[in-house]
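Asks: Quick one: sequence and predicted model below, then my questions.
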Amino acid sequence: MILALEALALLRDGNHRFASQVTSRDTVESRARRLELAAGQEPFAAILGCSDSRVPVEIVFDQGLGDLFVIRVAGNIVAPSLIGSVEFAAEQFGTRLVVVLGHSRCGAIETTLQQLQRPVENQSRNLHSIVDFIRPGIEKLLLSDLRNDHDALVREACRANIRASVNHLRHGSDIIENLIQNAGLMVVGAEYSLETGLVDFFENLPSTP
């Protein structure tokens, strides 16, 4: 089992390779790895990320087959089925690091802000359900001076949504809470920059001496 801090270091190193355009994977390794993984898997991290096509998780972290347990949904929201997926990874595979991965210029965040400012009556019920998950974590920002600066509002809303998802994931499951308290599970938040390719881990990180 790879411990949470070691897993975090692996993700950081992989992202730096990606952003520096240095690859560590080849097709020969992938074929061998595919055969090895047919018998089982032990992903060292679980990533709850956004469905955005510009944020392919394994590529962003320069990881290969079997390395990451990836859960993707628009706006990296935390719904019951997604909590269940994280529980599954942590319990079944011993994964000890969970990352909520948002990204800059998130379309789901912009849609939610638009809905809060100018409600759309004919929005589909399914899309509205995503907006409803995002809304509580960001609506208070519209009461601040950020409402006068759209770009700053979106930037802060993306981070606020990540923080809210981390908090929901950490406290929305007895299983996850128990693993955090007793088995070394860590749930952190991070934001991927579409512009630089770098991931900034910024929420719920362990304090350094």
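Replies: Happy to help now that I have it.
Asks: quick check: longest helix of this protein.
Replies: When the chain is parsed with DSSP state H, its longest helix is helix 150-171.
Asks: okay, and the helix or strand of the protein with the least pLDDT?
Replies: Sorting the helices and strands of the chain by mean pLDDT, DSSP states H and E puts helix 27-37 at the bottom, at a mean of 78.
Asks: residues making contact with that one?
Replies: 64-66 (Cβ atoms under 8 Å, 6 or more residues apart in numbering). The way it works is simple: take the backbone N, C-alpha and C, and place the C-beta from them, glycine included.
Asks: Can I get it in PDB? Just the C-alpha atoms.
Replies: Only the C-alpha atoms of helix 27-37 are listed here, as PDB (Å, rounded to 0.1, in the frame of the first residue of the first chain):
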ATOM      1  CA  THR A  27       3.600   1.500 -25.300                       C
ATOM      2  CA  VAL A  28       5.800  -1.500 -24.400                       C
ATOM      3  CA  GLU A  29       5.300  -0.800 -20.700                       C
ATOM      4  CA  SER A  30       1.600  -0.300 -21.200                       C
ATOM      5  CA  ARG A  31       1.200  -3.800 -22.800                       C
ATOM      6  CA  ALA A  32       3.100  -5.500 -20.000                       C
ATOM      7  CA  ARG A  33       1.100  -3.500 -17.400                       C
ATOM      8  CA  ARG A  34      -2.200  -4.400 -19.000                       C
ATOM      9  CA  LEU A  35      -1.500  -8.100 -18.600                       C
ATOM     10  CA  GLU A  36      -0.300  -7.600 -15.000                       C
ATOM     11  CA  LEU A  37      -3.500  -5.700 -14.100                       C
END
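Asks: follow-up on the earlier one: export the contacts of helix 27-37 to TSV and append columns for pLDDT.
Replies: Listed next are the contacts of helix 27-37 as TSV, based on pLDDT from 0 to 100:
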residue	pLDDT
G64	90
L65	91
G66	94
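Asks: now, which of the residues you listed lie within strands?
Replies: Using DSSP state E, no member of the contacts of helix 27-37 falls in strands.
Asks: out of those, who's nearest E110?
Replies: Checking the contacts of helix 27-37 against E110 with Cβ to Cβ, the nearest one is G64 at 32.6 Å.
Asks: Tabulate the contacts of helix 27-37 in CSV, adding columns for distance to A38.
Replies: CSV is the format used below for the contacts of helix 27-37 (distance: Cβ to Cβ, whole Å):
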residue, distance to A38
G64, 15
L65, 10
G66, 10
